[in-house]
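Undergrad: okay, here's the prediction I keep looking at, along with the sequence it came from:
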Amino acid sequence: MCLIEVLVWGGISWKGPTNLVVLDGSCRVDAVEYCKILRDGYVEWERENFGGKSLLVQDNAPCHKANITKEFLKREEIETEDWPAESPDLNPVELVWGEMKRYLKTTWKPTNVPHLVEGINEFWTNVLTADKCQNYIRHVHTQMRRVIEVDGKPVKD
C-alpha cells in the first residue's frame, strides 16, 4: 500500500479554525517556510477575526524559535506563547489532527493526493466547527489537571 501524505498547518481558536495551509508531503518546514505559512495561513485571518489582539501558541520546534521567525512575528506584531514541546496530551490542535485522520480514514478514504487534499479541506471547512474548537480548547484545562495529578507524566484520553 502506497502512503499518500501532505503536510498541513492550521490552528484553532474560540471563533473556529484558522486558515489552512497544505504543503507537498516532501516539503521541509524551515524558518523561512514557516514564516510563509504564517503569512498565508494566520496573519490576515488573525487580523480579520481578532484585530491583532490574539496570542499565537506554538511549541518549541526549531522553525518556531529561529531568529528569522522571531523577527517576522515582531514585524507583524504577533504575540506568542510557548507551549511545551513533546506534549501532545496538552495540545488541543493534536485532537483536531486525530479527528481529521479518523475522518479521512473512515469517511473520505482518499486514493491520491488531490483527493486527500479535498478531504482535508472538507473536514476543515465543514466538520471542524467553532463549537468543536471550543470543546478542544476546554479539554486542555481537564488535561492539565490530570497531568498535575500524575506529577507531570503524560496522560491519555
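TA: Yep, that arrived.

Undergrad: where do the strands sit along the protein?
TA: All strands of the chain, identified by DSSP state E, fall at 6-9, 12-13, 16-17, 21-24, 55-58, 79-82.

Undergrad: from the chain's centroid, how far away is the first one?
TA: Put plainly, it is strand 6-9. 9 Å (CA atoms, centre = their mean, to the nearest Å).

Undergrad: can you start the count at 429 instead of 1 from here on
TA: Done: numbering now begins at 429, and the last item shifts to strand 434-437.

Undergrad: would you mark the buried spots in it?
TA: By 16 or more other CB atoms under 10 Å, the buried positions in strand 434-437 come out as V436, W437. For glycine as for every other residue, the C-beta is placed from the backbone atoms N, C-alpha and C.

Undergrad: equivalent analysis for the last one, please.
TA: By neighbour count on 16+ other CB under 10 Å, the buried set for strand 507-510 is empty.

Undergrad: Y462: neighbour count?
TA: Per other CB atoms under 10 Å, the neighbour tally for Y462 reads 20.

Undergrad: need the pLDDT of it.
TA: The score at Y462 is 96. That number is its pLDDT.

Undergrad: residue contacts, it?
TA: By CB atoms under 8 Å, 6 or more residues apart in numbering, Y462 lies in contact with C491, H492, A494, T497.

Undergrad: just checking, what packs against the longest helix along the chain?
TA: Ranked by residue count, the top helix of the chain under DSSP state H comes out as helix 558-577. With contacts defined as 3 or more CB pairs under 8 Å, 6 or more residues apart in numbering; DSSP states H and E, helix 558-577 has these neighbours: strand 440-441, strand 444-445, helix 520-531.

Undergrad: format those as CSV; extra columns: mean pLDDT, distance to K481 and mean neighbour count.
TA: Formatted as CSV, the helices and strands packed on helix 558-577 follow (pLDDT from 0 to 100; distance: least, CB to CB, whole Å; neighbours: other CB atoms under 10 Å):
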stretch, mean pLDDT, distance to K481, mean neighbour count
strand 440-441, 96, 12, 19
strand 444-445, 96, 16, 18
helix 520-531, 94, 20, 16
